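> Any chance you could fold what I've pasted below:
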Amino acid sequence: MTALQIIFLLTAAVTFGSALLVVTSHNLVHAALSLVVTLFGVAVLFALLDAGFLAVVQVTLYIGAIAIMIIFAIMLTRRVMMDSGPQTNTQWWAGALVALALFVALSWVLMQVPSLQALSAPGATLPTLSGDSVKALGLAFVDPNQYVIPFEVASVMLLVAFVGAIVVAGESKK
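Numbering: from 1, shown residues only. Down below sits the predicted model:
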């Protein structure tokens, strides 16, 4: 077993464990901090796959912006932390069944993709990317015919979520 395989297995275990903590933690702040660890583990996995650009985007965009915004929203809405009601949903098993069915369905769909079947053939290699792939991706984000609309919609949705958190936190008690 090589050092990269050991690093991968350790990172995958930490990422999986922290992802479980995100969905099982009773404390919202602990869940948000576990989300940061999960997202960092994904960034390490991107780095192990030689996808440096995606690793940097993962750290700056998801950890640096979205996860920190979630933590700020939790801190701004302290009333949520004072809720002493039941923290466990009694229908968790239905959610688990839906998640399992979705996993099976997505796995089946991915097995139908011809390019993925070709990669599983003996002697198959991954295609190499040119040095201009990051430049092409950047140009695709600002090209009106490609990804500029989804990119701008995502930015507006993040802004609305942040303003909504501030509005909820600013409501006076009656």
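
> Quick test: name the residue nearest the centre of the chain.
residue 39 (6.1 Å; CA atoms, centre = their mean).

> Quick one: residues contacting that residue.
Contact analysis of residue 39 by CB atoms under 8 Å, 6 or more residues apart in numbering lists 58, 59, 62, 63, 67. Every C-beta, even on glycine, is put in place using the N, C-alpha and C of the backbone.

> Now do stretch 23-32: distance to the chain's middle.
Distance of stretch 23-32 from the chain centroid (CA atoms, centre = their mean, to the nearest Å) equals 16 Å.

> got the buried residues for it?
25, 28, 31, 32 (16 or more other CB atoms under 10 Å).

> Just those residues: which are in strands?
The strands, defined by DSSP state E, take in nothing from the buried residues of stretch 23-32.

> Output those residues as JSON lines; include the columns distance to residue 89.
Formatted as JSON lines, the buried residues of stretch 23-32 follow (distance: CB to CB, whole Å):
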{"residue": "25", "distance to residue 89": "14"}
{"residue": "28", "distance to residue 89": "15"}
{"residue": "31", "distance to residue 89": "14"}
{"residue": "32", "distance to residue 89": "19"}
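
> so which one among those has the lowest pLDDT?
Among the buried residues of stretch 23-32, residue 28 carries the weakest pLDDT, at 78.

> Determine the three-state secondary structure at the nearest residue to that residue once chain neighbours are set aside.
Of all residues not flanking residue 28 in the chain, residue 74 sits nearest, at 5.2 Å (CB to CB, 6 or more residues apart in numbering). The local conformation at residue 74, judged by DSSP: H, G, I helix; E, B strand; the rest coil, is helix.
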